[in-house]
Every structure is written in structure tokens, then in C-alpha cells.
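[1] my questions are about this predicted structure, shown below with the sequence.
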Amino acid sequence: MEIILKEDILSLGHKDDIVNVKNGYARNYLIPKGLAINATSSAKKMHEETLRQRAHKEAKLVAEAQKSAKKLEGISLTIGAKTSTKGKIFGSVNTIQISEALSAKGFEIDRKNISIKEELIKEIGSYTAKVKLHKEVYVDIPFEIVAE
């Protein structure tokens, strides 16, 4: 039986894939749980139109993310932290402080879209954060931790 997946299913396929499965698996599990729909000719036509519209919207989002990435490439952040005399930070610097520093420069980026290679930053120095603007567009932003 041919079906269109509504969600990613491990070892079967990704969302919007058209796959062949056994009739019982489709009728008794996938379709009743809302994980898939039957791939009739009308459903296939609607699926193609949906994919076409989504691709157009996706292209616009990628273009906007790339524009933002070009603006972000030239930015360098300086984050102040309370430190001991030996240069150790009291606490640690995380994505929240980086997000706040970016918003001070005029870029509103959610902290969940920022990742730091080092899990915890506990010393003064220079580091790099990776900012996810889109699932295909990433920007590396250098930042420096200084004593307050």
C-alpha cells in the first residue's frame, strides 16, 4: 500500500515521503495514529502542490537567513564577567549572555539557536559561538570574555 508520511518515522522515511508499506501496517497503525495518509491520486496532487509552495517559502527563508548571516559575520562580541585574580570566572558564560550581547547590538537571536563548542566557559579568553539562523545557514561569531 502506498502512503504519504505526515511525520518522520524511524527506519521508514521522513515527513512528506511517499513510501510503500504492508497493508496491515498502514491500515492498523500508521493511518489511525495520524502518522500517514493513503496516497490516492488526489492526495498525491495536493502533496505535490504543498511541496511546491513550501519550497518557494523555504527559498525566501534561506535568502533572509543568508542576508542576516552576512550582517553577523563582521560582528565581534565582548562579554564582561566577574573574575578572580587568577582569571577564573565566578560561575560560567553561556548562551544567554551571548544572546543578550547580540540583542544589544541589534540582533534578536534566541539562545536555543546559539551553541558553544566548549560546554562551560570558566576562564577569560577568546572563544567562538555558532549561531543557527536556518537549518542550512550557520554563522561563527567570535567573542571575548573580559574581567569586569
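    Received, thanks.
[2] going forward, measure contacts between C-alpha atoms and count neighbours the same way
    Will do.
[3] can you give me the domain assignment for this protein?
    2-68, 71-147 (automatic domain parsing).
[4] which one in this protein is furthest away from the centre?
    In terms of distance from the mean C-alpha position of the chain, Thr85 ranks first, at 38.2 Å (C-alpha atoms, centre = their mean).
[5] tell me the confidence at that residue?
    Here, the pLDDT recorded for Thr85 equals 84.
[6] what of Leu61?
    Confidence score, pLDDT, at Leu61: 89.
[7] do you know how far the residue nearest to it when sequence neighbours are not counted is from Ala63?
    Distances taken as C-alpha to C-alpha, 6 or more residues apart in numbering place His134 nearest to Leu61, at 7.7 Å, with adjacent residues excluded. Separation of His134 from Ala63 (C-alpha to C-alpha, to the nearest Å): 10 Å.
[8] ok, back up a step: lowest-confidence stretch among the domains of the chain?
    Among the domains of the chain, domain 71-147 scores lowest, with a mean of 88.
[9] need the distance between the two termini of that one.
    One end of domain 71-147 sits 27 Å from the other (C-alpha to C-alpha).
[10] name the SS class of Ser42, please.
    Counting by DSSP: H, G, I helix; E, B strand; the rest coil, the backbone at Ser42 sits in helix.
[11] go through the helix or strand that contains Leu102 and flag the buried ones.
    Per DSSP states H and E, Leu102 falls inside helix 95-104. For helix 95-104, the neighbour count (16 or more other C-alpha atoms under 10 Å) marks Thr95, Ile98, Ser99, Glu100, Ala101, Leu102 as buried.
[12] let me see the contact set for the first one.
    When you say that, I think you mean Thr95. Going by C-alpha atoms under 8 Å, 6 or more residues apart in numbering, Thr95 touches Arg111, Lys112, Ile114, Ser115, Ile116.
[13] please apply the same query to the fifth one.
    With contact set as C-alpha under 8 Å, 6+ apart, Ala101 has these partners: Leu77, Thr78, Ile79.
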